[in-house]
Structures are given as C-alpha cells and as structure tokens.
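Chemist: here's a sequence, model it:
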Amino acid sequence: GFRRGGRKLAAARKLFGRRIVVTRARDQASELSQKLRALGAEVLEFPTIEIRPPADPGPLEAALNQLERYDWVIFTSANAVRRTAERFRVPQFHARICAIGPATRAALEELGLAVHLMPEKYVAESLVEAFAGEDLTGKRILLPRAAVARDVVPAELARRGAQLDVVEAYRTEIPEGASARAAQIFSAARKPDWIVFTSSSTVTNFVSAAGTAPLEGVRVASIGPVTSAAARQRGLVVTVQADPFTLDGLVAAILRAEGVS
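Modeler: Model (predicted):
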C-alpha cells in the first residue's frame with residue numbers, strides 16, 4: 001500500500017524542484033498558481049498587470065443604461081465580465097452573449113448569464129469566424145474591453161454591417177514596485193526555470209519593468225498565439241505555447257516540455 005501511495009505522490013509532483021514565475025494580475029494568479037503547486041512546483045507570483053477602473057466610466061455607464069438597444073454583447077476576457085458586472089443588474093440583460101473562451105464563459109455563468117456563442121479557438125480571429133452564420137447587418141453590438149486592445153473584432157464585424165460600440169471597461173497598468181520585484185526574483189542565486197505569460201499585456205509590462213536580460217536561461221510559456229507574438233516582438237524566445245489556449249493547456253505544455261506529461 002505504501003509503495004503504491006508513494007508512486008501516486010511522485011506522479012502528482014511532476015514539477016517538483018521547478019521554480020515558475022506567474023505574471024497574472026494578483027487577483028487572478030491563484031488558479032494557475034494552485035495548478036502548478038499541486039504538481040509540486042515552487043511558484044513565484046510576480047503580477048505585471050494591475051486592473052484599474054476606466055479612465056472615464058461615462059461611456060460604459062451610458063451603454064449599460066441602454067442595454068436593451070443591443071442585439072449582442074461580446075466579452076473578450078473575464079476581466080471585462082467582472083468590471084462590467086460591477087455596473088449592471090443581471091436581470092436587465094436581454095442581448096445575446098458571446099464569450100471568447102472558457103474562462104470568460106465561466107465568469108458569465110457565475111453571474112447566471114447564458115452564453116450563446118463561443119469560438120472554437122480562443123482568439124479574436126476565431127471569434128469573428130464564430131459569427132459567420134449570423135446576419136449582422138444593422139445589428140447593434142456592445143464590446144466592453146480593456147483600454148488598449150487589438151482591433152480585429154470591431155473592424156471585422158463592422159465590415160459585415162454591424163454597428164459596434166466599443167467601450168473601455170478597465171485599464172491594465174504596471175503595478176508599483178514591479179521593477180524591484182523583478183530584481184528580487186531574477187537576481188537570486190538560483191534563477192527561475194520558467195516564466196508564464198497569460199496575455200500580451202503581461203509580456204509588455206514585464207519587459208517595461210524588467211527588460212529582457214533577466215530571462216536569459218529562463219524558459220517562456222505562453223497561453224496562445226497573440227501572447228507569443230507579443231513576446232517575440234520584444235525579442236523573447238517562446239519555449240512552449242498552450243493548446244488549447246487555456247490555463248490547463250498551458251500547464252500541459254510545460255509538462256510536455258519537461259518530459260513528464
């Protein structure tokens with residue numbers, strides 16, 4: 001019995017001895033950190049983004065006060081769901097809802113909202129494809145999102161005849177003390193084995209706070225193609241990319257690279 005239990009423990013601790021830096025916002029890091037710690041990894045949390053309210057909440061407030069005008073609301077992140085939910089009452093919601101991926105869908109379902117459409121792959125291009133069977137001529141679509149975001153979705157849907165209102169639901173900023181935290185983690189006698197990036201803004205903010213030199217000899221794990229492109233643009237080498245583009249996909253990619261999947 002003891003031996004079998006020991007084998008099970010060894011199997012569960014596949015990442016034992018690995019130091020992994022998680023760059024998600026503080027209030028979002030725990031899910032990924034728990035998954036990695038359950039596999040025996042030592043997790044160093046280094047939030048490179050802090051979620052802040054919109055610079056001007058007026059446009060979001062105005063849109064949410066007239067929710068009945070919209071045919072669709074598109075959410076491209078769980079952050080957008082959470083920040084929007086702070087400002088509307090769920091029963092007002094009559095529009096159909098599109099979520100970019102499972103984490104966003106879960107955040108909506110926690111609020112008791114049904115998701116009508118979710119793309120096969122969890123990136124903007126795939127989200128646009130998901131609307132292929134919908135006649136969007138004259139349809140009003142609300143897209144609450146980060147202050148700085150890619151324009152693929154609004155541009156493509158507008159081209160298909162939709163009327164889009166893109167409103168700022170939140171901003172991502174570099175947390176205070178990020179540079180000092182980077183120095184503390186990466187100047188330690190033993191460097192981390194991995195750093196995990198879960199969005200292009202985690203990459204951008206990391207490089208702004210710490211540069212690329214600290215990542216020499218550190219393997220880079222990315223949640224998907226947009227994040228990988230942001231990393232490569234800044235001169236980083238991406239070791240693994242999640243497939244599917246989810247936290248579980250990310251953990252699986254690291255396990256494969258370690259030869260212990």
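Chemist: contacts, neighbours, all on C-alpha from now
Modeler: Fine.
Chemist: residue contacts, residue 198?
Modeler: 23-24, 222-224, 227 (CA atoms under 8 Å, 6 or more residues apart in numbering).
Chemist: show me which of the residues you listed are buried.
Modeler: 23-24, 222-224, 227 (16 or more other CA atoms under 10 Å).
Chemist: now those residues in TSV, with distance to residue 139, secondary structure and pLDDT?
Modeler: Formatted as TSV, the buried ones among the contacts of residue 198 follow (distance: CA to CA, whole Å; DSSP: H, G, I helix; E, B strand; the rest coil; pLDDT from 0 to 100):
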residue	distance to residue 139	secondary structure	pLDDT
23	38	coil	95
24	35	coil	86
222	35	strand	98
223	32	coil	94
224	30	coil	92
227	31	helix	94
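Chemist: just put those residues in CSV and tack on distance to residue 164.
Modeler: Output for the buried ones among the contacts of residue 198, formatted as CSV (distance: CA to CA, whole Å):
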residue, distance to residue 164
23, 32
24, 29
222, 30
223, 28
224, 26
227, 25
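Chemist: now, among these, which is nearest to residue 129?
Modeler: residue 224 (17.4 Å; CA to CA).
Chemist: name the nearest residue to that closest one, sequence neighbours excluded.
Modeler: Ranked by CA to CA, 6 or more residues apart in numbering and with sequence neighbours excluded, the top spatial neighbour of residue 224 is residue 245, at 5.2 Å.
Chemist: report pLDDT for that neighbour.
Modeler: In this model, residue 245 is scored at 87, pLDDT.
Chemist: wait, it sits on residue 121?
Modeler: Yes: between residue 245 and residue 121 there is a contact under CA atoms under 8 Å: 7.3 Å.
Chemist: show me what residue 163 bridges to in the sheet.
Modeler: Note on residue 163: beta-bridge partners by DSSP bridges are residue 140.
Chemist: next, count neighbours for it.
Modeler: Number of residues near residue 163 (other CA atoms under 10 Å) recorded here: 19.
Chemist: quick one, what contacts it?
Modeler: Contacts of residue 163 (CA under 8 Å, 6+ apart): 138-141.
Chemist: who wins for neighbours among those residues?
Modeler: The residue in these with the most neighbours, by other CA under 10 Å, is residue 141 (24 neighbours).
Chemist: right, and residue 231 touches residue 239 too?
Modeler: No: with contact defined as CA under 8 Å, residue 231 does not reach residue 239; the gap is 10.8 Å.
Chemist: just to revisit the earlier point, now the residue nearest to residue 224: which helix or strand?
Modeler: For residue 245, there is no host helix or strand (DSSP states H and E).
Chemist: for residue 60, grab the count of nearby residues.
Modeler: Residue 60, neighbours per other CA under 10 Å, totals 24.
Chemist: the residue nearest to it when sequence neighbours are not counted: what secondary structure?
Modeler: Closest residue in space to residue 60, ignoring its immediate chain neighbours: residue 167 at 5.6 Å, by CA to CA, 6+ apart. State at residue 167, reduced to three classes by DSSP: H, G, I helix; E, B strand; the rest coil: strand.
Chemist: my guess is residue 167 contacts residue 143. True?
Modeler: Yes: when contacts are counted by CA under 8 Å, residue 167 is listed as touching residue 143 (6.3 Å).
Chemist: re the thing from before, now, among the buried ones among the contacts of residue 198, which is nearest to residue 40?
Modeler: Ranked by distance to residue 40 (CA to CA), the buried ones among the contacts of residue 198 are led by residue 23 at 18.5 Å.
Chemist: wait, the closest one sits on residue 199?
Modeler: No: applying CA under 8 Å, one finds residue 23 not in contact with residue 199, separated by 9.2 Å.
Chemist: wait, is residue 143 part of a helix?
Modeler: No: counting by three-state DSSP, residue 143 is located in no helix; its state is strand.
Chemist: what sits against it?
Modeler: Residue 143 sits in contact with 73-75, 164-167, where contact means CA under 8 Å, 6+ apart.
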